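Engineer: Just the structure for this:
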Amino acid sequence: MQLNGIHHLTAVTAQASRNHAFYTQMLGQRLAKKTVNQDDVSAYHLFYTDGEARPGTDLTFFDWPAAREKRGTHSIVRTGLRVATEDSLRWWAARFAAEAVTQGTIAVRDGRLTLDFEDFEGQRLAMVVDADPREPARPWARSPVPAEHQILGLGPITISVPRLEPTERLLTTVLNMRKAREYPIDGDTVHVFEMGPGGAAAELHVIVQPGLPIARQGAGGVHHVAFRTTTADYEAWTLRLEGLGVPSSGPVDRYYFKSLYFREPNGILFELATDEPGFAVDEPLESLGEKLALPPFLEGRRKEIEAGLKPLL
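Structural biologist: You can find the predicted model right below:
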């Protein structure tokens, strides 16, 4: 039983309207689902995806009035966004320079051309050239970014831990990831773990940083990362975690996918999420994200929920 890659990554913003503008207008992603945090309906949960809202392309945000993240270890520290070519990477570098987006310089990291950058809250991101994507591009026709330069999807995701061994045991013996290789970055060692088919869309990078303080979550930080599974394997994963003594949330039905939450040994929140049924379960694919979507168990509270949300535009 294998996980199939990155499903989504959920981060935190304290400025939903500006966040919406950055990810849809600057990065050209599709707002595929405008909903609320099902555990805190006062907050938006915004899902930015490719043109067909496929699993593995979801970069999502909780809208919370939080202070900025305090950076450190025990945390998810960078989110990779895959693009197709070196030409695309250079196009993005020029776009960021023109719009004064904080960025680094193009460099080779783990054999891939990479451009680190940050959003307006310090969310750490990277454009990564994926020369051999496992799935074809599905661009968004209404994106301000030309189709050939649009983001293909997520990956790799990088987490920081003070010690490798406890995390490695969970990744390999519980989640069946494969330790593939390692590489240096700024004096630290990064260990690469693969899922399923491998490739940038199915990699978790673990950087060992014992000298850093423990991070404090906040705006510009990441809440959790989710890995892809299927409805066919979902119950088996639930039983596997239970059988191996890994504390978890137990089954959680998010309506658009089923979830299972647990923490790795340093407290970083992981999720297993099913590819099915997807975002088109309650809206036509062509009009996803154009109105507030609520799962059936929240629909009766629509007026109350809408009254507590600020307009995005």
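
Engineer: tell me the mean pLDDT over stretch 48-68?
Structural biologist: In this model, stretch 48-68 has a mean pLDDT of 97.

Engineer: Could you work out the end-to-end span of it for me?
Structural biologist: End-to-end distance for stretch 48-68: 21 Å, by C-alpha to C-alpha, to the nearest Å.

Engineer: Show me what counts as buried in it.
Structural biologist: 48-64, 66 (16 or more other C-beta atoms under 10 Å). Every residue, glycine included, has its C-beta placed from N, CA and C.

Engineer: That stretch: how far from the chain's middle?
Structural biologist: 7 Å (C-alpha atoms, centre = their mean, to the nearest Å).

Engineer: from now on call the first residue 464
Structural biologist: OK, 464 is where the count begins now, so the last one is stretch 511-531.

Engineer: Now stretch 605-623: buried residues?
Structural biologist: 606, 608, 612-623.

Engineer: partner residues bridging M590?
Structural biologist: L544, L578 (DSSP bridges).

Engineer: Give me the number of neighbouring residues for it.
Structural biologist: Using other C-beta atoms under 10 Å, M590 has 24 neighbouring residues.

Engineer: Could the C-alpha coordinates of the helix or strand hosting H668 be exported in CSV?
Structural biologist: Using DSSP states H and E, H668 falls within strand 666-671. Output of strand 666-671 as CSV, limited to C-alpha atoms (Å, rounded to 0.1, in the frame of the first residue of the first chain):
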residue,chain,number,x,y,z
GLU,A,666,8.7,13.9,-2.5
LEU,A,667,9.1,15.0,1.1
HIS,A,668,12.4,16.7,1.8
VAL,A,669,13.6,16.5,5.5
ILE,A,670,16.2,19.1,6.5
VAL,A,671,18.0,18.4,9.8
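
Engineer: So which elements touch it?
Structural biologist: On a contact count with 3 or more C-beta pairs under 8 Å, 6 or more residues apart in numbering; DSSP states H and E, strand 666-671 meets strand 616-624, strand 651-657.

Engineer: And those strands: which comes nearest Y719?
Structural biologist: strand 616-624 (16.5 Å; C-beta to C-beta).

Engineer: Buried residues, the next helix or strand after the closest one. List them.
Structural biologist: Later in the chain than strand 616-624, the nearest helix or strand by DSSP H and E is helix 628-632. Applying a neighbour-count criterion of 16+ other C-beta under 10 Å, one finds T630, E631 buried in helix 628-632.

Engineer: so what strands line up beside the next helix or strand after helix 628-632?
Structural biologist: For helix 628-632, the following helix or strand on the C-terminal side (DSSP H and E) is strand 641-648. Each strand paired with strand 641-648, and its direction, by DSSP bridges: strand 651-657 (antiparallel).

Engineer: Report the spatially nearest residue to I569, omitting neighbours in sequence.
Structural biologist: Closest residue to I569 apart from its sequence neighbours, by C-beta to C-beta, 6 or more residues apart in numbering: L578 at 5.1 Å.

Engineer: My understanding was that the one you found contacts R572; is that so?
Structural biologist: No: using C-beta atoms under 8 Å, L578 is not in contact with R572, being 9.8 Å away.

Engineer: re earlier: just checking, which of the buried residues of stretch 511-531 belong to helices?
Structural biologist: Among the buried residues of stretch 511-531, no member is found in helices (DSSP state H).

Engineer: what about E749, neighbour count?
Structural biologist: As a burial measure, E749 scores 8 neighbours (other C-beta under 10 Å).

Engineer: For E532, see how far away it is.
Structural biologist: The span separating E749 from E532 equals 36 Å under the rule C-beta to C-beta, to the nearest Å.
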